[in-house]
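>>> here are the coordinates; sequence isn't available:
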């Protein structure tokens, strides 16, 4: 069902940026980036191409992307980087193979990240779809998706995210509580595969958990 | 994630009307204006451009819009203004910066406005998506969405809406019980951002509340 | 919100058939006619134009329609009329103003028609969307949608449907238990308005009722 | 509603492959093959045309398909067959009339196949939509969809599937627990009809069962 050997030849940058924008538009169509929320990026040769703050993802095109360096400094493009650009730079630092990051808000990741905030993880196990995550070859895998408490203080949040990534080297994504999911991959295609697998499993879990009195 | 400084340069009227109609068609595609329900308007230079009564929003184009003045009197266009045009004029009077109003019916706003009618508010707090609302910079914000009892008596309803808007100066939207949501913004884009943020949060709340015996 | 005075000038037949097929395709896209289910018709000058049996509604075009008379006898077109064509002829006989009939299967009409089969009605009241039904001018209206026990014996079913329509002159639709909804209108647009209003309200009711142990 | 007499003239291969790919793309749009999951095939004259491993089904075209023989050996095309190709060959062997196989993952088939894994079947009865399954002419039919425990050991899984198909000659589909559905038909159109009917009924059952504490 899923590829056992994944190609590691990097795609040309132009193609990756096209795929990033197509992914962002598809996320808008699914209701995953409402109200100009969410952000998306590609890393290439020490530069990050990232969505500008407050941009409607339903119409995103490569020329809308900003170029920043790995410290988050603007190199080119119109508009301002989102305050969350600092979280992208932390992920690229801690996940050295990552070339694409997707951040979205869904109904189910909002519900699960709130419900399990105190336990610190959403735990997914026993599902075939886990094999959509890189390096996972069996449904018997247990994926622990760390949950970080939401805050508007981005400097400590970036530090916190960095230590969570360091402490959970096998994690394919991180949740911010009642906020959203960050996931990544060695290509836009792999990041998108992770996104689709995690969100599918969040919905499966969520439909078993919600519906009763809060 | 969301814009901190929002541009206040008004968009050209023609572009606003195009965006209003695109928003109406997108709402139809999401099931938010079933059965020719809902209404949408833009204010410009003392005039209001508004959807006619009983029009299918799935095909709305700028030439379908009616032009009325701020007292609701017809100035141009075919068809009759909806009885709810009087609610638009009240909102434009009480929210002097508003340039666009969106009124839609969703499953979740119908359910929540019914459930909380007696308490008078749907309360939303602790969600990152609250930052989709103008002037809100933290998920720690509490948004109280007032609920007005539904009625077919539009003159007293308009008065009631006026006093609710006056008493709740921070509200970004108002619900009519088992009827629908009114929201607005300084542009169509801002009104749409409010709509997407509020409806996302209504669904998040609704999925925690419903499913058990009524 | 809804039209108070509805135009009764009949649309040209060609336009009605185009709208019927567009409605059928839209129903397919919403998952309301899965597995080649559902059927749709227009009446004009003593003839009925109806979908053939077992046809995928996602691709329906006017040239795919069959022509039958009011007794259900084939007049033209390829394929066989569905066994349910006899239900269309009964509806046209009992609802003399009806010019279009839509029959669809949805998750929510299947659930509600099963749950309330023994009480004989799905009762809808207190919702603004009731005004999407012809002649209804207030949310205080009570719509009782009759439920008929499902059967494969079409002759007695047609008789049963005829008497239910006769006994419930105000009904805008009829449910077959764990099967689907029939609704109609004086035009395709009106029938579609009834469909969208009823299905919206079935979902609102269903989300309050289901989710607990069966 | 459903065809009583189904045509058994085989469609030309080219047309079947086009329909297979259109079905795969439609499944992607419905969220039924997330994260490059799922697989699809057509049998013709002793050859099987099947989706390659790890391919995004949202863009599938006939030239992407692999050609294998009935033992699963590659005959042509780029990429590797999925490990699950062995399950397709077993189904074609046990269901000698089958010319198309569809394998998808949905929220509801994942939930139901997990919940009923220990009882060995999802039981569907009393629904009109059962008539979407070949040879079923009444809603009084009882469809028992066998559930096989998921495993990554494909050789014993293929054997297990073979014996389940043999023991359940009337079954129109088989579930792998917390994994997905296999269904088939004498044409792509028939397989798709089975898929739409089964998934509709899984959702109807699922909405009655889930929502309470797990």
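Structure received. A quick note: this is a predicted structure, and the numbers were derived from the prediction, not measured. Residues are numbered from 1 along each chain as shown, chains lettered A, B, ... in the order given.

>>> What pLDDT does the model give residue A:2?
pLDDT, residue A:2: 53.

>>> I should have written residue A:136 there, sorry.
pLDDT, read off for residue A:136, is 98.

>>> which residues touch it?
By CB atoms under 8 Å, 6 or more residues apart in numbering or on different chains, the contact set of residue A:136 is A:130, A:143. (Each C-beta comes from the backbone N, C-alpha and C, glycine too.)

>>> Show the backbone phi and psi for it.
phi -100, psi 120 (degrees, to the nearest 10).

>>> From chain C, how far out is it?
Distance of residue A:136 to chain C, computed by CB to the nearest CB, to the nearest Å: 31 Å.

>>> if you go through chain A in chain order, where are the strands?
A:39-44, A:47-50, A:66-69, A:74-76, A:100-104, A:121-125, A:142-148, A:173-176, A:180-185 (DSSP state E).

>>> Point out the residues in chain A that sit beside chain B.
A:31, A:34-39, A:53-54, A:56, A:82-84, A:105, A:107, A:110-111, A:114, A:150, A:152, A:176, A:178-180, A:206, A:210-214 (CB under 8 Å from any CB of the partner chain).

>>> Drop anything exposed from those.
For those, a burial check counting by 16 or more other CB atoms under 10 Å in any protein chain shown picks out A:31, A:34-39, A:53-54, A:56, A:82-84, A:105, A:107, A:110-111, A:114, A:150, A:176, A:178-180, A:206, A:210-212.

>>> For chain D, which of the strands of chain A is the nearest?
Nearest of those to chain D, taken as CB to the nearest CB: strand A:121-125 at 9.7 Å.

>>> quick one: the closest one to strand A:180-185, angle?
Here strand A:121-125 runs at an angle of 50 degrees relative to strand A:180-185 (axes from the mean of the first three to the mean of the last three CA atoms, to 10 degrees).

>>> List the buried residues for stretch A:69-87?
Buried, per 16+ other CB under 10 Å, within stretch A:69-87: A:72, A:77, A:81, A:82, A:83, A:84, A:85, A:86, A:87.

>>> Pull up the gap between the last one and chain B, please.
As defined by CB to the nearest CB, residue A:87 lies at a distance of 10 Å from chain B.

>>> can you check residue A:160 too?
16 Å.

>>> Count the neighbours of that residue for me.
18 (other CB atoms under 10 Å in any protein chain shown).

>>> Quick check: which ranges of chain A have low pLDDT?
By pLDDT under 70, the low-scoring segments of chain A are A:1-10, A:211-214.

>>> how much does the helix ranked longest in it deviate in direction from strand A:180-185?
The residue-count maximum for a helix in chain A (DSSP state H) belongs to helix A:188-209. Here helix A:188-209 runs at an angle of 140 degrees relative to strand A:180-185 (the same axes, to 10 degrees).

>>> What is helix A:188-209 packed up against?
helix A:13-29, strand A:100-104, helix A:107-115, strand A:121-125, strand A:173-176, strand A:180-185, helix D:107-115 (3 or more CB pairs under 8 Å, 6 or more residues apart in numbering or on different chains; DSSP states H and E).

>>> Apply 6 Å and report the result again.
Applying 3 or more CB pairs under 6 Å, 6 or more residues apart in numbering or on different chains; DSSP states H and E, one finds that helix A:188-209 contacts helix A:13-29, strand A:100-104, helix A:107-115, strand A:180-185, helix D:107-115.

>>> how much space between residue A:177 and residue A:146?
Using CB to CB, to the nearest Å, we find residue A:177 at a distance of 11 Å from residue A:146.

>>> do the same with residue A:118
13 Å.

>>> before we move on, what about residue A:77?
Taking CB to CB, one finds residue A:77 at 31 Å from residue A:146.

>>> Likewise for residue A:191?
Using CB to CB, residue A:191 is found at 17 Å from residue A:146.
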